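S.K.: Here you go, sequence then predicted model.
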Amino acid sequence: MGLLQLLKSQFLSHLLICYVFLVSGIIINLLQLCTLPVWLLSKQLFRRINIRLAYCISSQMVAALEWWSGTECTLYTDPKSYPLYGNENAIVVLNHSFEIDFLCGWTFCERFGVLGSSKVLAKKELAYVPVIGWMWYFLEIVFCKRNWEQDRRTVAQGLQNLHDYPENFWFLLYCEGTRFTPKKHQISMQVAESKGLAKLKYHLLPRTKGFWVTVQNLRGTAAAVYDSTLNFRNNETPTLLGILHGKKYHADLYVRRIPLELIPEDEAECAAWLHKLYQEKDAFQEQYSQTGRYPAPVVSPPRRPWSLINWLFWSCLLLYPLGLLLAQLISSGSMLTIFTSVALCSAASLGVRWMIGQTEINKGSSYGNKERVEIKKEKQESC
Ligand SMILES: CC/C=C\C/C=C\C/C=C\C/C=C\C/C=C\C/C=C\CCC(=O)SCCNC(=O)CCNC(=O)[C@H](O)C(C)(C)COP(=O)(O)OP(=O)(O)OC[C@H]1O[C@@H](n2cnc3c(N)ncnc32)[C@H](O)[C@@H]1OP(=O)(O)O
Ligand SMILES: CCCCCCCCCCCCCCCC(=O)OC[C@@H](O)COP(=O)(O)O
(Lines give C-alpha, C1' and ligand atoms only; values in the text may rest on other atoms or scores of the structure.)
(Ligands and ions follow the chains in the order given, each with its own letter.)
Protein backbone atom coordinates (compact mmCIF):
# COMPACT_ATOMS: atom_id res chain seq x y z
CA MET A 1 0.00 0.00 0.00
CA GLY A 2 1.45 3.40 -1.04
CA LEU A 3 1.66 6.34 1.37
CA LEU A 4 -1.19 8.16 -0.36
CA GLN A 5 -3.43 5.08 -0.23
CA LEU A 6 -2.60 4.67 3.48
CA LEU A 7 -3.52 8.32 4.08
CA LYS A 8 -6.84 7.82 2.26
CA SER A 9 -7.75 4.87 4.45
CA GLN A 10 -7.09 6.68 7.76
CA PHE A 11 -10.04 7.67 9.97
CA LEU A 12 -8.22 10.89 10.88
CA SER A 13 -8.13 11.94 7.20
CA HIS A 14 -11.88 11.34 6.92
CA LEU A 15 -12.47 13.28 10.13
CA LEU A 16 -10.50 16.26 8.79
CA ILE A 17 -12.30 16.20 5.40
CA CYS A 18 -15.67 16.13 7.20
CA TYR A 19 -14.58 18.93 9.54
CA VAL A 20 -13.59 21.17 6.59
CA PHE A 21 -16.85 20.36 4.75
CA LEU A 22 -19.07 20.95 7.77
CA VAL A 23 -17.42 24.11 9.11
CA SER A 24 -16.93 25.73 5.69
CA GLY A 25 -20.50 24.73 4.80
CA ILE A 26 -21.95 26.39 7.87
CA ILE A 27 -19.84 29.53 7.29
CA ILE A 28 -21.11 29.66 3.68
CA ASN A 29 -24.72 29.05 4.82
CA LEU A 30 -24.32 32.05 7.17
CA LEU A 31 -22.87 34.16 4.34
CA GLN A 32 -25.88 33.12 2.23
CA LEU A 33 -28.17 34.30 5.00
CA CYS A 34 -26.39 37.66 4.97
CA THR A 35 -27.12 38.02 1.22
CA LEU A 36 -30.89 38.11 1.82
CA PRO A 37 -31.08 41.94 1.94
CA VAL A 38 -29.36 42.00 -1.50
CA TRP A 39 -32.51 40.36 -2.92
CA LEU A 40 -34.42 43.55 -2.11
CA LEU A 41 -31.88 45.69 -3.97
CA SER A 42 -31.14 43.40 -6.92
CA LYS A 43 -32.53 39.88 -7.35
CA GLN A 44 -30.02 39.10 -10.10
CA LEU A 45 -27.03 40.17 -7.98
CA PHE A 46 -28.36 38.01 -5.11
CA ARG A 47 -28.55 35.04 -7.48
CA ARG A 48 -25.07 35.58 -8.93
CA ILE A 49 -23.52 35.80 -5.43
CA ASN A 50 -25.35 32.67 -4.27
CA ILE A 51 -24.28 30.70 -7.36
CA ARG A 52 -20.67 31.35 -6.35
CA LEU A 53 -21.24 30.59 -2.66
CA ALA A 54 -23.01 27.33 -3.55
CA TYR A 55 -20.09 26.42 -5.80
CA CYS A 56 -17.79 26.64 -2.74
CA ILE A 57 -19.86 23.89 -1.07
CA SER A 58 -20.77 21.50 -3.88
CA SER A 59 -17.35 21.66 -5.52
CA GLN A 60 -15.82 20.22 -2.33
CA MET A 61 -17.77 17.03 -2.93
CA VAL A 62 -16.78 17.10 -6.60
CA ALA A 63 -13.12 17.50 -5.55
CA ALA A 64 -13.48 14.50 -3.24
CA LEU A 65 -14.75 12.45 -6.20
CA GLU A 66 -12.32 13.71 -8.85
CA TRP A 67 -9.12 14.38 -6.89
CA TRP A 68 -9.33 12.36 -3.64
CA SER A 69 -10.85 9.15 -5.00
CA GLY A 70 -9.58 9.74 -8.56
CA THR A 71 -12.90 8.52 -9.98
CA GLU A 72 -13.02 8.86 -13.76
CA CYS A 73 -16.12 10.08 -15.57
CA THR A 74 -16.47 9.37 -19.28
CA LEU A 75 -19.07 11.09 -21.46
CA TYR A 76 -20.59 9.44 -24.53
CA THR A 77 -22.51 11.85 -26.72
CA ASP A 78 -23.06 13.25 -30.18
CA PRO A 79 -20.11 15.60 -30.95
CA LYS A 80 -22.58 18.03 -32.62
CA SER A 81 -24.46 18.50 -29.31
CA TYR A 82 -21.28 18.83 -27.25
CA PRO A 83 -20.64 22.58 -27.87
CA LEU A 84 -24.14 23.37 -26.54
CA TYR A 85 -23.55 21.76 -23.14
CA GLY A 86 -23.09 24.48 -20.55
CA ASN A 87 -24.17 27.17 -23.02
CA GLU A 88 -27.93 26.75 -22.70
CA ASN A 89 -30.52 25.90 -20.05
CA ALA A 90 -31.54 22.24 -20.06
CA ILE A 91 -33.71 19.69 -18.26
CA VAL A 92 -31.64 16.60 -17.38
CA VAL A 93 -33.43 13.24 -17.07
CA LEU A 94 -31.25 10.70 -15.24
CA ASN A 95 -31.67 7.10 -14.05
CA HIS A 96 -31.70 6.79 -10.24
CA SER A 97 -29.94 3.56 -9.26
CA PHE A 98 -26.70 4.64 -7.60
CA GLU A 99 -25.94 6.33 -4.29
CA ILE A 100 -23.54 8.79 -5.92
CA ASP A 101 -25.40 9.43 -9.19
CA PHE A 102 -26.10 13.02 -8.08
CA LEU A 103 -22.37 13.51 -7.44
CA CYS A 104 -21.44 12.27 -10.92
CA GLY A 105 -24.08 14.69 -12.23
CA TRP A 106 -22.39 17.48 -10.26
CA THR A 107 -19.02 16.50 -11.75
CA PHE A 108 -20.36 17.04 -15.26
CA CYS A 109 -21.94 20.32 -14.12
CA GLU A 110 -18.50 21.39 -12.89
CA ARG A 111 -16.80 20.43 -16.14
CA PHE A 112 -19.35 22.41 -18.19
CA GLY A 113 -19.29 25.42 -15.82
CA VAL A 114 -22.84 25.18 -14.43
CA LEU A 115 -22.16 23.66 -10.99
CA GLY A 116 -23.11 26.68 -8.89
CA SER A 117 -26.40 27.20 -10.70
CA SER A 118 -27.46 23.54 -11.12
CA LYS A 119 -30.98 22.71 -9.97
CA VAL A 120 -33.06 19.64 -9.12
CA LEU A 121 -36.62 18.65 -8.30
CA ALA A 122 -35.80 17.37 -4.81
CA LYS A 123 -37.86 15.65 -2.14
CA LYS A 124 -38.77 18.06 0.66
CA GLU A 125 -36.91 15.99 3.30
CA LEU A 126 -33.58 17.06 1.76
CA ALA A 127 -34.30 20.73 2.52
CA TYR A 128 -33.55 20.01 6.19
CA VAL A 129 -30.11 18.46 5.61
CA PRO A 130 -27.58 20.97 7.00
CA VAL A 131 -25.19 22.62 4.55
CA ILE A 132 -26.54 21.09 1.29
CA GLY A 133 -30.27 21.45 2.02
CA TRP A 134 -29.84 24.93 3.51
CA MET A 135 -27.68 25.97 0.54
CA TRP A 136 -30.50 24.90 -1.78
CA TYR A 137 -32.94 27.45 -0.30
CA PHE A 138 -30.74 30.24 -1.62
CA LEU A 139 -30.41 28.59 -5.03
CA GLU A 140 -34.19 28.46 -5.54
CA ILE A 141 -34.19 24.68 -5.75
CA VAL A 142 -37.68 23.26 -6.36
CA PHE A 143 -38.85 20.91 -3.60
CA CYS A 144 -41.73 18.43 -3.77
CA LYS A 145 -43.61 16.32 -1.24
CA ARG A 146 -44.11 13.56 -3.83
CA ASN A 147 -47.83 14.10 -3.51
CA TRP A 148 -49.27 15.59 -6.69
CA GLU A 149 -52.22 17.27 -4.96
CA GLN A 150 -49.81 19.27 -2.79
CA ASP A 151 -47.06 19.68 -5.36
CA ARG A 152 -48.86 20.79 -8.51
CA ARG A 153 -48.98 24.49 -7.60
CA THR A 154 -45.70 24.86 -5.68
CA VAL A 155 -43.63 22.99 -8.27
CA ALA A 156 -45.08 25.02 -11.16
CA GLN A 157 -44.46 28.25 -9.23
CA GLY A 158 -40.86 27.24 -8.41
CA LEU A 159 -40.21 26.54 -12.08
CA GLN A 160 -41.82 29.81 -13.21
CA ASN A 161 -39.44 31.69 -10.90
CA LEU A 162 -36.52 30.42 -12.98
CA HIS A 163 -37.63 32.29 -16.13
CA ASP A 164 -35.29 35.21 -15.57
CA TYR A 165 -32.42 33.25 -13.98
CA PRO A 166 -29.24 35.15 -14.92
CA GLU A 167 -26.91 32.20 -15.61
CA ASN A 168 -27.21 28.93 -17.52
CA PHE A 169 -28.54 26.05 -15.42
CA TRP A 170 -29.34 22.36 -15.72
CA PHE A 171 -32.53 21.21 -14.01
CA LEU A 172 -32.20 17.59 -12.90
CA LEU A 173 -35.26 15.37 -12.81
CA TYR A 174 -35.21 11.81 -11.52
CA CYS A 175 -38.50 10.74 -13.09
CA GLU A 176 -38.39 7.40 -11.23
CA GLY A 177 -38.95 9.51 -8.09
CA THR A 178 -36.92 7.22 -5.80
CA ARG A 179 -33.84 4.97 -5.92
CA PHE A 180 -34.11 1.57 -7.62
CA THR A 181 -34.60 -1.42 -5.30
CA PRO A 182 -35.83 -4.88 -6.35
CA LYS A 183 -39.02 -4.43 -4.29
CA LYS A 184 -39.80 -0.97 -5.73
CA HIS A 185 -39.08 -2.35 -9.19
CA GLN A 186 -41.47 -5.27 -8.70
CA ILE A 187 -44.27 -2.97 -7.49
CA SER A 188 -43.77 -0.41 -10.25
CA MET A 189 -43.87 -3.20 -12.85
CA GLN A 190 -47.24 -4.28 -11.43
CA VAL A 191 -48.39 -0.70 -12.03
CA ALA A 192 -46.96 -0.84 -15.57
CA GLU A 193 -48.82 -4.07 -16.23
CA SER A 194 -52.10 -2.69 -14.91
CA LYS A 195 -51.69 0.33 -17.23
CA GLY A 196 -50.82 -1.82 -20.24
CA LEU A 197 -47.31 -0.36 -20.43
CA ALA A 198 -44.19 -2.24 -21.53
CA LYS A 199 -42.11 -3.62 -18.64
CA LEU A 200 -38.70 -2.17 -17.85
CA LYS A 201 -35.75 -4.25 -16.67
CA TYR A 202 -33.39 -1.58 -15.33
CA HIS A 203 -35.69 1.30 -14.38
CA LEU A 204 -38.70 1.94 -12.19
CA LEU A 205 -41.78 3.12 -14.05
CA PRO A 206 -41.28 6.88 -14.52
CA ARG A 207 -43.66 9.29 -12.79
CA THR A 208 -44.91 11.47 -15.60
CA LYS A 209 -46.56 14.42 -13.84
CA GLY A 210 -43.32 16.06 -12.65
CA PHE A 211 -41.83 15.74 -16.11
CA TRP A 212 -44.86 17.26 -17.81
CA VAL A 213 -45.09 20.18 -15.37
CA THR A 214 -41.34 20.83 -15.75
CA VAL A 215 -41.38 20.80 -19.54
CA GLN A 216 -44.49 23.01 -19.68
CA ASN A 217 -43.14 25.56 -17.21
CA LEU A 218 -39.64 25.71 -18.65
CA ARG A 219 -40.76 26.14 -22.27
CA GLY A 220 -39.02 29.25 -23.54
CA THR A 221 -36.48 28.97 -20.69
CA ALA A 222 -34.81 25.62 -21.35
CA ALA A 223 -33.71 24.70 -24.86
CA ALA A 224 -33.55 20.92 -24.55
CA VAL A 225 -33.91 17.74 -22.52
CA TYR A 226 -30.64 15.90 -21.90
CA ASP A 227 -31.59 12.26 -21.67
CA SER A 228 -28.79 10.84 -19.50
CA THR A 229 -27.98 7.23 -18.65
CA LEU A 230 -25.35 6.52 -16.01
CA ASN A 231 -23.51 3.29 -15.27
CA PHE A 232 -20.38 2.20 -13.48
CA ARG A 233 -17.79 -0.17 -14.90
CA ASN A 234 -17.33 -3.69 -13.55
CA ASN A 235 -20.84 -3.73 -12.02
CA GLU A 236 -19.58 -1.56 -9.16
CA THR A 237 -22.04 -0.16 -6.62
CA PRO A 238 -20.29 3.06 -5.62
CA THR A 239 -20.96 4.79 -2.29
CA LEU A 240 -20.11 8.14 -0.74
CA LEU A 241 -18.25 6.30 2.04
CA GLY A 242 -16.21 4.56 -0.68
CA ILE A 243 -15.31 7.99 -2.11
CA LEU A 244 -14.30 9.20 1.35
CA HIS A 245 -12.07 6.11 1.72
CA GLY A 246 -10.42 7.07 -1.60
CA LYS A 247 -11.91 4.22 -3.65
CA LYS A 248 -11.64 4.87 -7.40
CA TYR A 249 -14.64 4.14 -9.63
CA HIS A 250 -15.24 4.63 -13.33
CA ALA A 251 -18.54 6.23 -14.37
CA ASP A 252 -19.88 6.13 -17.94
CA LEU A 253 -22.58 8.66 -18.88
CA TYR A 254 -24.51 8.60 -22.14
CA VAL A 255 -26.26 11.87 -23.05
CA ARG A 256 -28.72 12.51 -25.88
CA ARG A 257 -29.81 16.09 -26.53
CA ILE A 258 -33.50 16.35 -27.43
CA PRO A 259 -34.80 19.82 -28.42
CA LEU A 260 -37.72 20.84 -26.20
CA GLU A 261 -39.97 21.56 -29.20
CA LEU A 262 -40.03 17.80 -29.94
CA ILE A 263 -41.82 17.07 -26.65
CA PRO A 264 -45.64 17.06 -26.85
CA GLU A 265 -47.53 19.77 -24.96
CA ASP A 266 -50.60 17.68 -24.19
CA GLU A 267 -50.28 15.92 -20.80
CA ALA A 268 -51.28 12.45 -21.97
CA GLU A 269 -49.06 12.63 -25.07
CA CYS A 270 -46.18 13.94 -22.97
CA ALA A 271 -46.63 11.01 -20.53
CA ALA A 272 -46.62 8.52 -23.42
CA TRP A 273 -43.47 10.21 -24.78
CA LEU A 274 -41.74 9.78 -21.40
CA HIS A 275 -42.72 6.12 -21.16
CA LYS A 276 -41.22 5.57 -24.63
CA LEU A 277 -38.05 7.41 -23.55
CA TYR A 278 -37.66 5.05 -20.57
CA GLN A 279 -38.11 2.03 -22.85
CA GLU A 280 -35.24 3.40 -24.97
CA LYS A 281 -33.17 4.05 -21.83
CA ASP A 282 -33.78 0.45 -20.81
CA ALA A 283 -32.43 -0.70 -24.18
CA PHE A 284 -29.28 1.43 -23.70
CA GLN A 285 -28.78 -0.15 -20.27
CA GLU A 286 -29.13 -3.59 -21.82
CA GLN A 287 -26.55 -2.72 -24.48
CA TYR A 288 -24.20 -1.38 -21.77
CA SER A 289 -24.56 -4.49 -19.64
CA GLN A 290 -23.85 -6.71 -22.68
CA THR A 291 -21.01 -4.73 -24.29
CA GLY A 292 -19.85 -2.11 -21.77
CA ARG A 293 -20.50 0.56 -24.42
CA TYR A 294 -23.15 3.08 -25.40
CA PRO A 295 -24.14 3.92 -28.98
CA ALA A 296 -22.16 7.19 -29.17
CA PRO A 297 -18.54 8.33 -29.37
CA VAL A 298 -16.54 9.35 -26.28
CA VAL A 299 -16.22 13.15 -25.98
CA SER A 300 -15.00 13.55 -22.42
CA PRO A 301 -14.39 16.97 -20.93
CA PRO A 302 -11.27 16.90 -18.68
CA ARG A 303 -11.51 17.63 -14.93
CA ARG A 304 -10.72 21.27 -14.06
CA PRO A 305 -8.48 22.46 -11.21
CA TRP A 306 -11.04 24.88 -9.66
CA SER A 307 -12.76 22.39 -7.36
CA LEU A 308 -9.36 21.32 -5.99
CA ILE A 309 -8.21 24.93 -5.54
CA ASN A 310 -11.42 25.76 -3.65
CA TRP A 311 -10.97 22.69 -1.45
CA LEU A 312 -7.33 23.52 -0.67
CA PHE A 313 -8.35 27.10 0.15
CA TRP A 314 -10.96 26.03 2.72
CA SER A 315 -8.65 23.32 4.13
CA CYS A 316 -5.80 25.81 4.72
CA LEU A 317 -8.20 28.37 6.18
CA LEU A 318 -9.80 25.93 8.63
CA LEU A 319 -7.08 23.41 9.46
CA TYR A 320 -4.57 26.04 10.62
CA PRO A 321 -6.76 27.38 13.48
CA LEU A 322 -7.74 23.79 14.33
CA GLY A 323 -4.05 22.89 14.69
CA LEU A 324 -3.45 25.90 16.94
CA LEU A 325 -6.48 25.04 19.05
CA LEU A 326 -5.39 21.42 19.48
CA ALA A 327 -1.89 22.48 20.49
CA GLN A 328 -3.35 24.89 23.07
CA LEU A 329 -5.71 22.22 24.36
CA ILE A 330 -2.99 19.68 24.89
CA SER A 331 -0.70 22.20 26.56
CA SER A 332 -3.52 23.42 28.85
CA GLY A 333 -3.83 19.91 30.28
CA SER A 334 -7.43 20.61 31.38
CA MET A 335 -9.34 17.32 31.23
CA LEU A 336 -12.67 19.10 30.99
CA THR A 337 -11.59 21.12 27.92
CA ILE A 338 -10.07 18.05 26.26
CA PHE A 339 -13.21 16.00 27.01
CA THR A 340 -15.47 18.76 25.61
CA SER A 341 -13.37 19.00 22.43
CA VAL A 342 -13.47 15.22 21.88
CA ALA A 343 -17.24 15.27 22.42
CA LEU A 344 -17.66 18.10 19.87
CA CYS A 345 -15.50 16.27 17.30
CA SER A 346 -17.52 13.07 17.79
CA ALA A 347 -20.79 14.98 17.40
CA ALA A 348 -19.54 16.57 14.15
CA SER A 349 -18.39 13.20 12.87
CA LEU A 350 -21.75 11.60 13.70
CA GLY A 351 -23.53 14.56 12.05
CA VAL A 352 -21.66 14.05 8.78
CA ARG A 353 -22.23 10.30 9.00
CA TRP A 354 -25.97 11.04 9.27
CA MET A 355 -25.72 13.28 6.19
CA ILE A 356 -23.94 10.53 4.26
CA GLY A 357 -26.78 8.23 5.39
CA GLN A 358 -29.15 10.37 3.33
CA THR A 359 -27.44 9.05 0.20
CA GLU A 360 -27.65 5.37 1.23
CA ILE A 361 -30.24 3.28 -0.57
CA ASN A 362 -30.80 0.90 2.34
CA LYS A 363 -31.81 3.90 4.46
CA GLY A 364 -34.07 5.21 1.67
CA SER A 365 -37.71 6.21 1.89
CA SER A 366 -40.67 3.86 1.51
CA TYR A 367 -41.92 5.89 -1.48
CA GLY A 368 -42.74 3.45 -4.29
CA ASN A 369 -42.67 0.52 -1.85
CA LYS A 370 -46.40 0.38 -1.35
CA GLU A 371 -49.01 -1.44 -3.39
CA ARG A 372 -51.51 0.78 -5.24
CA VAL A 373 -54.35 -0.29 -2.93
CA GLU A 374 -52.39 0.94 0.07
CA ILE A 375 -51.69 4.29 -1.65
CA LYS A 376 -55.39 4.74 -2.49
CA LYS A 377 -56.35 3.91 1.11
CA GLU A 378 -53.81 6.44 2.49
CA LYS A 379 -55.04 9.15 0.10
CA GLN A 380 -58.68 8.48 1.09
CA GLU A 381 -57.76 8.66 4.78
CA SER A 382 -55.91 11.98 4.34
CA CYS A 383 -58.95 13.51 2.52
C1 LIG B 1 -23.81 16.76 -20.47
C2 LIG B 1 -24.06 16.22 -19.12
C3 LIG B 1 -25.46 15.99 -18.85
C4 LIG B 1 -25.99 15.61 -17.69
C5 LIG B 1 -25.34 15.54 -16.39
C6 LIG B 1 -26.21 14.91 -15.38
C7 LIG B 1 -26.78 15.50 -14.32
C8 LIG B 1 -26.46 16.83 -13.79
C9 LIG B 1 -27.59 17.78 -13.64
C10 LIG B 1 -27.88 18.51 -12.56
C11 LIG B 1 -27.37 18.24 -11.19
C12 LIG B 1 -28.15 19.01 -10.17
C13 LIG B 1 -28.30 18.68 -8.90
C14 LIG B 1 -27.94 17.36 -8.33
C15 LIG B 1 -27.74 17.38 -6.86
C16 LIG B 1 -28.39 16.70 -6.00
C17 LIG B 1 -29.63 15.92 -6.30
C18 LIG B 1 -29.98 14.99 -5.24
C19 LIG B 1 -31.17 14.43 -4.99
C20 LIG B 1 -32.53 14.92 -5.20
C21 LIG B 1 -33.39 13.93 -5.92
C22 LIG B 1 -34.66 13.61 -5.29
O23 LIG B 1 -35.04 14.06 -4.25
S24 LIG B 1 -35.62 12.47 -6.19
C25 LIG B 1 -37.19 12.58 -5.43
C26 LIG B 1 -37.99 13.78 -5.83
N27 LIG B 1 -38.23 13.91 -7.22
C28 LIG B 1 -39.25 13.30 -7.88
O29 LIG B 1 -40.03 12.57 -7.31
C30 LIG B 1 -39.39 13.57 -9.34
C31 LIG B 1 -40.31 12.58 -10.04
N32 LIG B 1 -41.66 12.56 -9.48
C33 LIG B 1 -42.75 13.12 -10.08
O34 LIG B 1 -42.56 13.66 -11.14
C35 LIG B 1 -44.10 13.00 -9.41
O36 LIG B 1 -45.08 12.98 -10.40
C37 LIG B 1 -44.42 14.15 -8.42
C38 LIG B 1 -43.34 14.23 -7.36
C39 LIG B 1 -44.49 15.49 -9.14
C40 LIG B 1 -45.77 13.88 -7.74
O41 LIG B 1 -45.70 12.71 -6.93
P42 LIG B 1 -46.87 11.60 -6.81
O43 LIG B 1 -46.44 10.43 -5.99
O44 LIG B 1 -48.14 12.28 -6.40
O45 LIG B 1 -46.78 11.15 -8.25
P46 LIG B 1 -47.73 10.71 -9.32
O47 LIG B 1 -48.94 11.56 -9.40
O48 LIG B 1 -46.85 10.68 -10.51
O49 LIG B 1 -48.11 9.24 -8.79
C50 LIG B 1 -49.36 8.74 -8.90
C51 LIG B 1 -49.43 8.00 -10.20
O52 LIG B 1 -48.37 7.05 -10.26
C53 LIG B 1 -48.90 5.73 -10.32
N54 LIG B 1 -48.11 4.88 -9.45
C55 LIG B 1 -48.43 4.36 -8.27
N56 LIG B 1 -47.44 3.63 -7.80
C57 LIG B 1 -46.47 3.73 -8.71
C58 LIG B 1 -45.19 3.20 -8.79
N59 LIG B 1 -44.69 2.43 -7.81
N60 LIG B 1 -44.44 3.49 -9.85
C61 LIG B 1 -44.92 4.27 -10.84
N62 LIG B 1 -46.16 4.80 -10.83
C63 LIG B 1 -46.90 4.53 -9.76
C64 LIG B 1 -50.29 5.81 -9.90
O65 LIG B 1 -51.00 4.80 -10.52
C66 LIG B 1 -50.66 7.21 -10.36
O67 LIG B 1 -50.96 7.14 -11.73
P68 LIG B 1 -52.16 7.95 -12.38
O69 LIG B 1 -52.23 7.42 -13.77
O70 LIG B 1 -53.37 7.66 -11.56
O71 LIG B 1 -51.76 9.39 -12.35
C1 LIG C 1 -16.15 16.53 0.96
C2 LIG C 1 -17.06 15.40 1.19
C3 LIG C 1 -17.59 15.27 2.57
C4 LIG C 1 -18.76 14.37 2.67
C5 LIG C 1 -19.92 15.03 3.27
C6 LIG C 1 -21.22 14.33 3.04
C7 LIG C 1 -22.33 15.21 2.74
C8 LIG C 1 -23.60 14.52 2.38
C9 LIG C 1 -24.46 15.33 1.52
C10 LIG C 1 -25.84 14.82 1.38
C11 LIG C 1 -26.41 15.15 0.03
C12 LIG C 1 -27.80 14.69 -0.10
C13 LIG C 1 -28.17 14.34 -1.50
C14 LIG C 1 -28.94 13.05 -1.51
C15 LIG C 1 -29.40 12.72 -2.87
C16 LIG C 1 -30.26 11.52 -2.96
O17 LIG C 1 -29.85 10.55 -3.51
O18 LIG C 1 -31.53 11.61 -2.48
C19 LIG C 1 -32.38 10.51 -2.62
C20 LIG C 1 -33.64 10.87 -3.35
O21 LIG C 1 -33.33 11.22 -4.66
C22 LIG C 1 -34.64 9.75 -3.35
O23 LIG C 1 -34.78 9.30 -2.08
P24 LIG C 1 -35.39 7.83 -1.75
O25 LIG C 1 -36.85 7.88 -1.99
O26 LIG C 1 -35.06 7.62 -0.30
O27 LIG C 1 -34.71 6.84 -2.65
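M.R.: Happy to help now that I have it. Numbers count the residues shown, from 1 in each chain. Ligands and ions are numbered 1, 2, ... in the order given.

S.K.: mind checking which helix or strand the spatially most central residue of the chain is in?
M.R.: The centre of the chain sits closest to Phe102, judged by Cα atoms, centre = their mean, with a distance of 3.0 Å. Secondary structure from DSSP states H and E places Phe102 in helix 101-111.

S.K.: Other residues contacting that helix?
M.R.: With Cβ atoms under 8 Å, 6 or more residues apart in numbering as the test, helix 101-111 has contacts from 58-59, 61-62, 65-66, 73, 75, 92, 94-95, 98, 115, 118, 120, 170, 172, 228, 230, 240, 243, 251, 253, 301-304, 306-307, 359. For glycine as for every other residue, the C-beta is placed from the backbone atoms N, C-alpha and C.

S.K.: Any of those buried? List them.
M.R.: Buried subset of the contacts of helix 101-111 (neighbour count, 16 or more other Cβ atoms under 10 Å): 58-59, 61-62, 65-66, 73, 75, 92, 94-95, 98, 115, 118, 120, 170, 172, 228, 230, 240, 243, 251, 253, 301, 303-304, 307, 359.

S.K.: quick revisit: which helix or strand lies directly C-terminal to the helix holding Phe102?
M.R.: Following helix 101-111 in sequence order, the next helix or strand is strand 119-123 (DSSP H and E).

S.K.: same question for that next one, mean pLDDT?
M.R.: Strand 119-123 comes out with an average pLDDT of 98.

S.K.: I'd like to know which elements that strand is packed against.
M.R.: With contacts defined as 3 or more Cβ pairs under 8 Å, 6 or more residues apart in numbering; DSSP states H and E, strand 119-123 has these neighbours: strand 142-144, strand 170-173.

S.K.: Could you look up the next helix or strand downstream of the longest helix along the chain?
M.R.: Ordering each helix of the chain by length in residues (DSSP state H) puts helix 306-332 first. Next helix or strand after helix 306-332 toward the C-terminus (DSSP H and E): helix 335-357.

S.K.: ok, back up a step: tell me the most buried of the helices and strands packed on strand 119-123?
M.R.: Counting by mean count of other Cβ atoms under 10 Å, strand 170-173 has the highest mean neighbour count of these, with a mean of 24.

S.K.: does that strand come close to ligand 2?
M.R.: No - Strand 170-173 stays clear of ligand 2 (Cβ under 6 Å from any ligand atom), getting no nearer than 9.7 Å.

S.K.: from the chain's centre, how far out does that strand sit?
M.R.: 9 Å (Cα atoms, centre = their mean, to the nearest Å).

S.K.: per-residue pLDDT, Ile338?
M.R.: pLDDT at Ile338 comes out at 80.

S.K.: let me fix that: Lys376
M.R.: Confidence at Lys376, expressed as pLDDT, is 60.
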